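# Predicted structure and sequence below. I'll ask about it afterward.
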Amino acid sequence: MTRPLLVIDGDSLAHRAYHALPKTFRRAEGRPGNALLGFSNFLVRLWDGEQPRAVLVGWDSLDSPTYRHELFAGYQGGREFDDDLLEQLDLLPELVRAFGFAAAKAPGYEADDFLAAAVRQEEERGGTAVVATSDRDSFQLASPATTILQPVRGVSELARVGPDEVRERYGVEPAQVPDFIALRGDPSDRLPGAKGVGPKTAADVLREYGSLEAALAAGRFAAQADELRVYKRMATLDVEAPLPTLDDQTPAWSEASEFVRELGLNALADRLAVLAST
């Protein structure tokens with residue numbers, strides 16, 4: 001059986017870990033540590049459960065605007081992150097590399113762009129992929145070769161989402177998800193969508209016309225045509241995002257143990273040391 005490429009939305013899972021574990025949890029010198037601990041635990045659990053050939057973790061560049069921000073000034077408007085979370089997000093890509101895994105982060109790209117690029121590359125080489133993220137934009141990546149792992153309760157339970165589950169949840173094909181988001185809108189990203197259109201109407205339109213562009217060509221949503229094209233582009237993941245080399249990997253449990261011990265996460269370091277010795 002072919003081992004999959006495991007692709008992880010780092011920001012998505014780090015945020016969930018930060019809010020799932022007590023913010024009172026501290027590492028050395030009283031520094032925040034709950035996101036580091038929770039993310040590390042999740043990373044080990046995913047590796048153990050999926051037995052991937054390699055792991056890639058994608059990260060947002062929070063200090064660099066993307067083309068989505070340039071297209072729509074209100075994109076992700078109002079988001080504010082705790083300083084304790086931001087401090088840990090700065091450390092997490094280095095932690096991932098200490099595990100012997102690959103991390104992708106570059107100005108102008110979001111984490112899920114790297115997910116899309118990695119999935120395309122893996123499918124083109126004839127492989128399979130598993131994508132761990134809570135961002136439903138990623139449903140557009142579902143295919144016979146790619147499964148989405150969606151956290152359901154914190155990071156303790158995962159739902160496996162393939163093409164059938166996308167159809168069941170949204171009433172559209174995975175390839176239609178960007179069109180669906182453009183029509184329905186996306187409150188989490190502050191995308192308003194088409195006026196008066198909810199999930200059911202968005203799905204009905206796409207079943208009738210096949211795509212947003214075909215609906216616009218038929219005269220639907222004429223007053224919002226340009227806006228909706230912009231929303232679709234924003235919802236479409238960028239498969240051209242730059243990737244590190246994704247050769248087969250062996251987890252570096254010993255190096256990871258040393259790294260987290262330096263951060264003052266001694267209990268986690270002890271658990272990783274046990275993995276290194278087995």
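Happy to help now that I have it. Numbers count the residues shown, from 1 in each chain.
# check contacts around the nearest residue to residue 273 once chain neighbours are set aside.
Distance criterion C-beta to C-beta, 6 or more residues apart in numbering; nearest residue to residue 273, sequence neighbours excluded, is residue 257 at 4.5 Å. For glycine as for every other residue, the C-beta is placed from the backbone atoms N, C-alpha and C. Contact analysis of residue 257 by C-beta atoms under 8 Å, 6 or more residues apart in numbering lists 269, 270, 272, 273, 276.
# so after the longest strand belonging to the chain, what's the next helix or strand?
For the chain, the longest strand by residue count, based on DSSP state E, is strand 146-153. Going down the chain from strand 146-153, the next helix or strand is strand 157-161, by DSSP states H and E.
# And the next helix or strand after that following strand, what's buried?
Next in sequence after strand 157-161, counting helices and strands by DSSP H and E, comes helix 163-170. Neighbour counts over helix 163-170 (16 or more other C-beta atoms under 10 Å) mark 163, 165, 166, 170 as buried.
# quick revisit: the residue nearest to residue 273 looks like it's in a helix, true?
Yes: counting by DSSP: H, G, I helix; E, B strand; the rest coil, one finds residue 257 located in a helix.
# related to what we said a few turns ago, mind exporting the longest strand of the chain as CSV, just the C-alpha atoms?
Taking C-alpha atoms only, strand 146-153 is exported to CSV below (Å, rounded to 0.1, in the frame of the first residue of the first chain):
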residue,chain,number,x,y,z
THR,A,146,-6.8,13.0,-1.6
THR,A,147,-8.7,12.9,1.7
ILE,A,148,-9.3,15.8,4.0
LEU,A,149,-8.9,15.3,7.8
GLN,A,150,-11.1,17.8,9.5
PRO,A,151,-10.9,18.3,13.3
VAL,A,152,-14.4,18.0,14.8
ARG,A,153,-13.9,18.5,18.6
